[in-house]
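Trainee: only geometry, no sequence info:
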């Protein structure tokens with residue numbers, strides 16, 4: 001009987017996570033006079049586990065991921081610091097993969113004031129093999145701070161439209 005309660009709790013959490021993922025969708029915006037964006041999240045909310053953005057025709061793409069890891073432990077002098085007392089942004093490795101193509105990027109982490117976790121950010125070129133694989137497949141996996149985000153593949157037409165605006 002002691003095992004039944006943890007199993008029920010785990011199933012409940014898995015069900016809640018599954019329901020949340022069911023509400024999340026990919027969306028693309030490519031306005032002529034503002035940054036282009038490709039996001040995976042819940043429409044009309046701040047729930048965006050992964051988002052790509054770029055200045056039009058810049059050749060560079062920024063990626064931001066909402067992680068559950070809480071690197072910031074307290075505020076000191078108006079800035080968040082981690083366990084070692086280092087101020088944000090905290091350097092971190094961000095790995096993007098798609099269909100066998102991988103990028104290991106130098107990224108940064110900051111406290112996510114909305115979730116209490118960490119927002120990991122990095123930047124890559126539209127000429128990187130990862131970008132070509134992402135355009136072709138729509139599949140992306142992001143790993144940072146010991147977490148991996150693997151949303152369902154984005155519609156290829158949205159990825160092509162987004163990356164086309166960034167080139």
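Mentor: Ah, there it is. Note that the coordinates shown come from a computational prediction; the quantities given were computed from them, not determined experimentally. Numbers count the residues shown, from 1 in each chain.
Trainee: which ones are touching the residue nearest to residue 56 when sequence neighbours are not counted?
Mentor: In this structure, residue 56 finds its nearest non-sequential neighbour in residue 165, 5.4 Å apart by Cβ to Cβ, 6 or more residues apart in numbering. Just so you know, the C-beta spots here come from the backbone N, C-alpha and C atoms, and that holds for glycine as well. By Cβ atoms under 8 Å, 6 or more residues apart in numbering, residue 165 lies in contact with 30, 36, 54, 56-57.
Trainee: The helix or strand where residue 93 lies packs against which elements?
Mentor: Element membership for residue 93, per DSSP states H and E: strand 90-98. The contact analysis (3 or more Cβ pairs under 8 Å, 6 or more residues apart in numbering; DSSP states H and E) places strand 90-98 against strand 60-67, strand 101-111, strand 118-125, helix 129-137, strand 141-144.
Trainee: Select, out of these, the one closest to residue 76.
Mentor: Each of the helices and strands packed on strand 90-98 has some distance to residue 76 by Cβ to Cβ; the shortest is strand 101-111, at 12.4 Å.
Trainee: one step back: relative to residue 157, which of the helices and strands packed on strand 90-98 is closest?
Mentor: So among the helices and strands packed on strand 90-98, helix 129-137 is nearest, using Cβ to Cβ, at 10.4 Å.
Trainee: what's the angle from that closest one to strand 60-67?
Mentor: Inter-element angle recorded for helix 129-137 and strand 60-67: 80 degrees (by axes from the mean of the first three to the mean of the last three Cα atoms, to 10 degrees).
Trainee: Which residues outside helix 129-137 are in contact with it?
Mentor: Helix 129-137 is contacted from outside by 61, 96-103, 124-125, 139-140, 153, 156, 159-160, 163, using Cβ under 8 Å, 6+ apart.
Trainee: buried residues in that helix?
Mentor: For helix 129-137, the neighbour count (16 or more other Cβ atoms under 10 Å) marks 130-131, 133-135, 137 as buried.
Trainee: Okay, now the unreliable bits of the protein?
Mentor: Regions of the chain meeting the criterion pLDDT under 70 cover residues 1-21.
Trainee: Alright, I will stop here.
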